[in-house]
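S.K.: Next one to model:
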Amino acid sequence: MKRVKTVLKHSVLVSAAVVCFFAVNNIAHSSDIFKSISKNLTLMGEIYKRISVNYVDNVDPDRFFKAGLQGMMSTLDPYTNYIEQEDKSQLDIITDGKYGGVGMLLMYRDNVVTVAEPPFLGTPAARAGIREGDKIIRVDSLWTRDLGFSKTSGHIRGPAGSEVVVTIRREGEAGPLTFTLVRELIKVEDLVYAGEIAPGVGYLKLTRFSRNVGMDIARAIQQMDSEHMHGIILDLRSNPGGMLTAAVDVSDLFLNRDKVIVSTRGRVKKANRTFVSITDPVYGEKPLIILVNRFSASASEIVAGAVQDHDRGIVIGDTTFGKGLVQTLFPLSRDSAVKITTAKYYTPSGRCIQRQNYSSWDSVVADTSTGFATDNGRAVTAGGGIAPDVYMAPRLVSDYVVALRRQSLFFNFAVKYANSTQQMDSSATITDAIIDTFKSYMEEKSFEYTLPIEKQLDLLRESAESKNLGDGLISDIDELRVSLDDAKEKLFNQSVNDIKLLLRQEMASKLFGRKKSVEIAAEYDPVVKRAIEIISNTNEYNALLK
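M.R.: Okay, here's the model as predicted:
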């Protein structure tokens with residue numbers, strides 16, 4: 001059976017970038033559409049020309065034109081973008097799999113260099129806590145508005161081991177956030193761990209979906225001792241997705257033949273497709289658990305949705321991101337292209353993965369009803385993202401630990417320690433002596449943690465002085481600052497367990513490789529522990545599916 005079944009639906013798509021495509025395909029009502037496009041292009045061209053020539057100040061025609069493009073794109077979803085040479089070179093980097101940098105994929109959005117996707121797992125940017133949507137306003141001492149996109153992305157990349165300071169603006173944060181990152185040789189790996197995480201329990205940690213990931217997972221499953229395996233955990237947490245075909249390939253490994261995996265629906269007939277499993281499963285009988293969180297997106301949601309709707313396994317964690325938009329790349333020239341969202345993803349039960357209200361043109365009301373069901377008749381909800389069968393709250397760390405990560409102190413200390421110490425036992429814990437050494441390292445690097453309330457107190461003191469509100473009020477503010485300083489001294493001890501875990505992970509990664517670091521993280525991970533419990537309890541596993 002063919003993997004893709006064409007769904008025949010009458011459809012129309014309006015896009016100036018692909019006029020020729022639609023003309024060839026005789027889209028209905030194209031005459032009216034093209035008349036409107038022609039009229040508006042003439043008007044736009046005239047305005048562009050008049051302003052470029054007659055405006056009181058000099059206008060850069062290229063920059064002005066691109067600003068117009070960005071204005072149009074801003075009314076659409078975040079994934080529809082005009083792609084220039086630098087964007088294409090980033091895609092080439094990911095395809096090649098190696099580069100010196102910090103692990104971020106960038107785009108130009110609203111004339112600002114923006115983090116396009118969650119950083120690759122395990123890279124400097126991911127460890128420091130940089131997020132999708134962060135706007136990069138400065139690299140080292142250089143303002144990105146002056147550098148432009150190409151020079152900004154080029155400046156962030158560089159030789160492994162060198163430092164770069166990235167200042168970002170984040171929605172919801174009062175002021176800029178500064179990250180000190182140490183560049184690494186970024187090797188983009190999809191399957192970062194495949195092995196036995198507990199007796200009889202296989203664990204697969206997947207960070208992205210690229211071309212060959214299906215074969216990699218199939219090979220890993222075949223290499224496991226299936227005779228004594230009780231079940232497999234597929235960890236898709238913080239996996240931003242990747243290729244649609246890769247998601248289909250991974251789902252095919254677990255589903256019986258001829259099962260629907262995902263459908264795409266758009267306004268163009270060509271965009272309406274249904275993908276089905278075409279082979280017998282490599283792992284199709286024993287318990288399967290999928291781990292997700294709110295940063296699991298796109299291809300991750302396709303796999304989780306297919307497994308859930310067919311009752312093939314249990315989904316554990318938090319509701320996923322809800323990125324269910326399909327992009328198609330339309331070349332414009334040798335050095336440019338436009339990436340357009342042309343369809344949405346739907347799970348086998350018919351649920352739309354995409355969260356609603358993603359653009360000014362999206363008037364569809366989210367269907368949050370429970371009128372969807374799995375093959376076994378279990379009710380599943382719609383309305384964006386994949387809701388887990390077993391909810392587990394995300395593990396949170398303190399702002400103090402987040403501040404340490406932003407300055408890459410765990411990573412830098414681990415590098416220094418690994419270079420200066422004798423080989424330690426891979427099962428060793430972080431001793432008090434190591435903690436004391438880390439404290440000294442923090443002082444050496446002049447680490448300072450500022451509580452949000454401290455900035456407000458500084459403003460209040462300045463106001464009290466300028467308005468002569470009295471020495472008593474100023475004295476009270478100063479006493480409160482002293483109390484805060486005392487409280488900050490205790491923050492390290494309050495966060496010491498998280499500090500020990502992160503130090504152990506980083507040091508294990510430097511001394512024994514990433515695989516050992518993943519094992520240590522899983523050892524203390526309550527979600528992984530819960531998954532192992534369910535796999536080990538056949539009655540509970542079967543009850544959750546029925």
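S.K.: going forward, measure contacts between C-alpha atoms and count neighbours the same way
M.R.: Noted.
S.K.: mind checking how far residue 63 is from residue 54?
M.R.: Distance of residue 63 to residue 54, given as C-alpha to C-alpha, to the nearest Å: 16 Å.
S.K.: Give me the nearest residue to residue 121, chain neighbours excluded.
M.R.: Excluding the flanking residues, the one nearest residue 121 by C-alpha to C-alpha, 6 or more residues apart in numbering is residue 207, at 6.1 Å.
S.K.: contacting residues around the one you found?
M.R.: Residue 207 sits next to 120, 121, 189, 190, 191, 192, 236, 237, 238, 239, 240, 241 when contact means C-alpha atoms under 8 Å, 6 or more residues apart in numbering.
S.K.: How about residue 520, nearest residue that isn't a chain neighbour?
M.R.: Nearest to residue 520 is residue 505, by C-alpha to C-alpha, 6+ apart, at 6.3 Å.
S.K.: What strand or helix carries the one you found?
M.R.: helix 496-512 (DSSP states H and E).
S.K.: Can you spell out which helices and strands pack onto that helix?
M.R.: helix 409-420, helix 514-523 (3 or more C-alpha pairs under 8 Å, 6 or more residues apart in numbering; DSSP states H and E).
S.K.: quick one: buried residues of the shortest one?
M.R.: Taking 16 or more other C-alpha atoms under 10 Å as the neighbour-count basis, helix 514-523 is seen to contain the buried residues 514, 516, 517, 518, 519, 520.
S.K.: Going along the chain, name the strands of the stretch 1-150 of the chain.
M.R.: For the stretch 1-150 of the chain, applying DSSP state E, counting those that start in this stretch gives strands covering 4-6, 81-83, 98-101, 106-109, 112-115, 135-139, 142-143.
S.K.: What pairs with the last one, parallel or antiparallel?
M.R.: So the one you mean is strand 142-143. Here strand 142-143 is paired, per DSSP bridges, with strand 135-139 (antiparallel).
S.K.: and residue 316, that one's in a strand?
M.R.: Yes. Residue 316: assigned to a strand according to DSSP: H, G, I helix; E, B strand; the rest coil.
S.K.: how much space between it and residue 171?
M.R.: From residue 316 to residue 171 the distance is 28 Å (C-alpha to C-alpha).
S.K.: Residue 446 too?
M.R.: 28 Å.
S.K.: Now for this protein: which strand has the highest residue count?
M.R.: If you go by DSSP state E, the chain has its longest strand at strand 337-346.
S.K.: tell me the mean pLDDT over it?
M.R.: Strand 337-346 carries an average pLDDT of 90.
S.K.: how close does residue 509 sit to residue 410?
M.R.: The gap separating residue 509 from residue 410 is 12 Å, by C-alpha to C-alpha.
S.K.: repeat for residue 458
M.R.: For residue 458, the distance to residue 410 - C-alpha to C-alpha - is 30 Å.
S.K.: Which one's more surrounded, these two?
M.R.: In this view residue 458 and residue 410 are compared by other C-alpha atoms under 10 Å, and residue 410 has more residues nearby, 24 against 14.
S.K.: Quick check: nearest residue in space to the more buried one, chain neighbours excluded?
M.R.: residue 503 (5.8 Å).
S.K.: Could you report the neighbour count for that neighbour?
M.R.: Residue 503: 22 neighbours (other C-alpha under 10 Å).
S.K.: Looking at the closest residue to residue 406 other than its chain neighbours now. What's its pLDDT?
M.R.: Among residues not flanking residue 406 along the chain, residue 128 sits closest, at 4.4 Å (C-alpha to C-alpha, 6+ apart). You'll see residue 128 listed with a pLDDT of 89.
S.K.: which residues touch residue 128?
M.R.: Per C-alpha under 8 Å, 6+ apart, neighbours of residue 128: 179, 181, 402, 405, 406, 407, 408.
S.K.: among the contacts of residue 207, which one has the lowest pLDDT?
M.R.: Among these, pLDDT bottoms out at residue 121, giving 73.
S.K.: My read is that that residue contacts residue 238, right?
M.R.: Yes. Look at residue 121 against residue 238 with C-alpha atoms under 8 Å: they come within range, at 7.4 Å.
S.K.: mind checking the end-to-end distance for stretch 194-207?
M.R.: End-to-end for stretch 194-207, by C-alpha to C-alpha: 12 Å.
S.K.: outside of stretch 56-69, which residues touch it?
M.R.: Outside stretch 56-69, the residues touching it (C-alpha under 8 Å, 6+ apart) are 48, 51, 52, 53, 82, 110, 111.
S.K.: Any idea how many residues pack against residue 448?
M.R.: When neighbours are defined as other C-alpha under 10 Å, residue 448 has 12 of them.
S.K.: re the thing from before, out of the contacts of residue 128, which are buried?
M.R.: By 16+ other C-alpha under 10 Å, those give 179, 181, 405, 406, 407, 408 as buried.
S.K.: so of the residues you listed, which ones are in helices?
M.R.: Using DSSP state H, the subset of the buried ones among the contacts of residue 128 located in helices is 405, 406.
S.K.: out of the buried ones among the contacts of residue 128, what pair is the most spread apart?
M.R.: Across the buried ones among the contacts of residue 128, the longest distance by C-alpha to C-alpha is 9.6 Å; it joins 181 and 405.
S.K.: Grab the nearest non-local neighbour of residue 245.
M.R.: Per C-alpha to C-alpha, 6+ apart, closest to residue 245 is residue 211, 7.5 Å.
S.K.: my guess is the one you found contacts residue 244, does it?
M.R.: No. Taking contacts as C-alpha under 8 Å, residue 211 lies outside contact range of residue 244: 9.3 Å.
S.K.: Averaged pLDDT, stretch 536-546. What do you get?
M.R.: 95.
S.K.: Mind listing what's buried along that stretch?
M.R.: By 16+ other C-alpha under 10 Å, the buried positions in stretch 536-546 come out as 536, 541, 545.
S.K.: C-alpha coordinates for that stretch, CSV please?
M.R.: Provided in CSV are the C-alpha atoms of stretch 536-546 (Å, rounded to 0.1, in the frame of the first residue of the first chain):
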residue,chain,number,x,y,z
SER,A,536,6.6,-3.2,35.3
ASN,A,537,2.9,-3.4,36.2
THR,A,538,1.0,-5.2,33.4
ASN,A,539,-2.3,-4.6,35.1
GLU,A,540,-1.9,-0.9,35.3
TYR,A,541,-0.5,-0.6,31.8
ASN,A,542,-3.5,-2.5,30.3
ALA,A,543,-6.0,-0.6,32.5
LEU,A,544,-4.7,2.7,31.1
LEU,A,545,-5.3,1.6,27.6
LYS,A,546,-8.8,0.3,28.2
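S.K.: contacts for it?
M.R.: 230, 287, 311, 313, 314, 376, 377, 378, 389, 534, 535.
S.K.: Can you say which of the residues you listed are buried?
M.R.: 230, 287, 311, 313, 314, 378, 389, 534, 535.
S.K.: any idea how far residue 339 is from residue 72?
M.R.: If you go by C-alpha to C-alpha, the gap between residue 72 and residue 339 works out to 13 Å.
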